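Q: The following comprises the amino acid sequence and a computationally predicted model.
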Amino acid sequence: MLLRRALDALYLASGALAATALFGIFAVMIAQVGLRLFSIQFPGATDLTGYLCVAAAFLGLAWTFRRGELIRVGLLIERVPARVRRWMELAVLTLAAVLVAYILRWTFEDMMFSLEINEVAQGTVPWPLWVPKLPLVIGVAILLVAVLDEWVRVLRGSQPSYAAAAEARRARQDFKE
């Protein structure tokens, strides 16, 4: 029970950080507009906005996955018996875990290499590039935890939370998301 609450809090925190990055994009854009009124440049605003976009996308992955908001094609899996569906879910989650772990390894190595060689952006502000790569690594790591969490859930015989969330939305006829 404590682990479940901790994992749910992790996913929520990741989603909140993604929302904060989105708000950061908004703040940078508003600052640019405001500064233009006084003929002042915002150096590095374009780069910063790009970095915040990456942070928003990757930090929101686990939260989005758990809520069933990622695109999922269920043409086959929704038409097979529940027993077969469980094994198909496990196979797909295993493949997803392997792929996400592979992505995590290489994104982490890329971030560490940037840190090691003191790589900086080539824009108007020489941002250290390991900094905008860090949210990517964190987001992928939390996604890996979420995929493994779902794998254990399905292995124990429960319905995946992403499938339950999607079914609940369909039952409410909530198609706005």
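A: Nice, thanks for sending it over.
Q: Now do the same contact list for the residue most central in space within the chain.
A: Nearest to the mean C-alpha position of the chain, by CA atoms, centre = their mean, lies residue 61 at 1.9 Å. Neighbour list for residue 61: 14, 70, 139-140, 142-143, 146 [criterion: CB atoms under 8 Å, 6 or more residues apart in numbering]. The C-beta positions use only the backbone N, C-alpha and C, and glycine is treated the same way.
Q: okay, who's weakest in the residues you listed by pLDDT?
A: Ranked by pLDDT, the contacts of residue 61 bottom out at residue 70, which scores 70.
Q: okay but that residue is in contact with residue 165, surely?
A: No - here residue 70 does not reach residue 165: they are 10.8 Å apart, not a contact under CB atoms under 8 Å.
Q: Mind checking which of these two has more residues around it?
A: The neighbour count for residue 70 versus residue 165, taken as other CB atoms under 10 Å, is higher for residue 165 (16 against 11).
Q: Going by secondary structure, that one is in what exactly?
A: In this assignment (DSSP states H and E), residue 165 forms part of helix 161-171.
Q: Repeat that for residue 118.
A: Counting by DSSP H and E, no helix or strand carries residue 118.
Q: Excluding chain neighbours, what is closest to it?
A: residue 128 (7.0 Å; CB to CB, 6 or more residues apart in numbering).
Q: sorry, back to before: among the contacts of residue 61, which lie within helices?
A: Judged by DSSP state H, the contacts of residue 61 include 14, 139-140, 142-143, 146 as members of helices.
Q: tell me what the helix holding residue 165 is packed against?
A: Contact partners of helix 161-171 among helices and strands, from 3 or more CB pairs under 8 Å, 6 or more residues apart in numbering; DSSP states H and E: helix 61-66, helix 130-155.
Q: Report the distance from the host helix or strand of residue 50 to the chain centre.
A: If you go by DSSP H and E, residue 50 is part of helix 45-59. Mean-position distance between helix 45-59 and its chain equals 13 Å (CA atoms, centre = their mean, to the nearest Å).
Q: can you check stretch 91-101 too?
A: Stretch 91-101 sits 15 Å away from the centroid of its parent chain (CA atoms, centre = their mean).
Q: residues of it that come out buried?
A: For stretch 91-101, the neighbour count (16 or more other CB atoms under 10 Å) marks 92-93, 96-97, 100 as buried.
Q: So for it, mean pLDDT?
A: Mean pLDDT, computed over stretch 91-101, is 96.
Q: Tabulate the CA atom coordinates of it in PDB.
A: Output of stretch 91-101 as PDB, limited to C-alpha atoms (Å, rounded to 0.1, in the frame of the first residue of the first chain):
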ATOM      1  CA  ALA A  91       4.300  -9.600 -23.800                       C
ATOM      2  CA  VAL A  92       3.700  -6.000 -25.000                       C
ATOM      3  CA  LEU A  93       4.700  -4.600 -21.600                       C
ATOM      4  CA  THR A  94       7.900  -6.700 -21.600                       C
ATOM      5  CA  LEU A  95       8.800  -5.400 -25.000                       C
ATOM      6  CA  ALA A  96       8.000  -1.800 -23.900                       C
ATOM      7  CA  ALA A  97      10.200  -2.200 -20.800                       C
ATOM      8  CA  VAL A  98      13.100  -3.500 -22.900                       C
ATOM      9  CA  LEU A  99      12.700  -0.600 -25.400                       C
ATOM     10  CA  VAL A 100      12.300   2.100 -22.700                       C
ATOM     11  CA  ALA A 101      15.300   0.700 -20.800                       C
END
